[in-house]
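Engineer: quick one: sequence and predicted model below, then my questions.
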Amino acid sequence: METLWEHTQQPELHQQWDLRFSEISYLPRPTETEPQQFLYATRIGFGLGIAGKGESMGTKEKNGERISVLKFWSDEWLSLIRTGAGYWKYIPTDNGLRFLTGYDYQTRFGLPGAVVDRLAFRSLIGWATAWSFDCLRLWLEKGIRPAVSVRLALMQWLVRLVLGLSWIYQGVVPKLLFPDTGELRILQGAGFSLTAAHRIATAVGVGEIVFGLLFWLLPRRGLRLVYLLNMVGLLVLGAGALVSQPMVFVAPFNPLTLNLCMMALAAIGLLTLSEELPSARRCLRRPPQ
């Protein structure tokens, strides 16, 4: 309990695991009886950031459970959140600790702000909260520091983004839009007629688009097989090109270098795909029935 309390109540520890905040710092308190106020800031990219203030409204402890309540607000025009309030709740159980949070807020920008919040922002904040809770759990239970978790997660997301984009590009551009630039020649070199080569290129292109989408849409537990299929598929496609049109292997950015890069990315994806990566799915977003 004390360790969890420290990592959620001390700003220098809290800001390390919570994706919603880049910086948190306490403001000077005139007397011990005054509420503790704090500053928070979140970087949103492109050199922009959002800052606000918060205030601890008190803590309660009863039957071993603790609850900490706070309110927060931002006067910055860029902040969708105008004011809000929330709590942390710490509940000892037979198996450890159950850590809960709840919060709500009011938005600015009138109806457009409410629509953006309902369609995207509230879900994003909820996901960031759940992901951060699992990041904190890994820190406290397995000693994996949040900075390491963030780097591993970024690597995994980057690998999925690039491999998905590469397969979709290979399916759309050289096979569906511009098959005459080389794909048909490779297929004809394997013995297919021009008509059959067109049909095969179209079918393979659609298949590659679908395969690329798997990197973006599948949950993490389904990715291991996709990474392995990626490596095997590239070996097969590379061998086919070598047999039918070996001269393509001396061209700039040829199948050898492209396939090796994509196979290396898949290997990195497999190596970073573990239970030690934070996941928002491990946190309950709603009370159990």
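Structural biologist: Sure thing, it's come through.

Engineer: now do the strands in the stretch 1-150 of the chain.
Structural biologist: For the stretch 1-150 of the chain, strands defined by DSSP state E, counting those that start in this stretch occupy the ranges 23-26, 37-45, 48-62, 65-73, 81-93, 96-107.

Engineer: adding mean neighbour count, mean pLDDT and distance to residue 218, write those strands out as JSON lines.
Structural biologist: Glycine gets a C-beta too; all of them are placed from N, C-alpha and C. As requested, the strands of the stretch 1-150 of the chain are exported to JSON lines (neighbours: other Cβ atoms under 10 Å; pLDDT from 0 to 100; distance: least, Cβ to Cβ, whole Å):
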{"stretch": "strand 23-26", "mean neighbour count": "15", "mean pLDDT": "92", "distance to residue 218": "35"}
{"stretch": "strand 37-45", "mean neighbour count": "14", "mean pLDDT": "89", "distance to residue 218": "26"}
{"stretch": "strand 48-62", "mean neighbour count": "14", "mean pLDDT": "89", "distance to residue 218": "32"}
{"stretch": "strand 65-73", "mean neighbour count": "17", "mean pLDDT": "94", "distance to residue 218": "36"}
{"stretch": "strand 81-93", "mean neighbour count": "16", "mean pLDDT": "93", "distance to residue 218": "32"}
{"stretch": "strand 96-107", "mean neighbour count": "14", "mean pLDDT": "92", "distance to residue 218": "29"}
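
Engineer: want to throw those strands into TSV with distance to residue 208?
Structural biologist: Output for those, formatted as TSV (distance: least, Cβ to Cβ, whole Å):
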stretch	distance to residue 208
strand 23-26	43
strand 37-45	31
strand 48-62	37
strand 65-73	47
strand 81-93	42
strand 96-107	42
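
Engineer: so how far is residue 125 from residue 180?
Structural biologist: 49 Å (Cβ to Cβ, to the nearest Å).

Engineer: of the two, which one has the most company?
Structural biologist: Neighbours per residue (other Cβ atoms under 10 Å) separate residue 180 from residue 125, with residue 125 holding more: 17 against 11.

Engineer: so that one touches residue 20, yeah?
Structural biologist: Yes - here residue 125 reaches residue 20: they are 6.7 Å apart, a contact under Cβ atoms under 8 Å.

Engineer: show me what the residue lying closest to residue 36 once chain neighbours are set aside is bridged to.
Structural biologist: Counting by Cβ to Cβ, 6 or more residues apart in numbering, residue 56 is the residue found nearest to residue 36 once chain neighbours are left out, at 4.5 Å. Beta-bridge partners recorded for residue 56 (DSSP bridges): residue 70.
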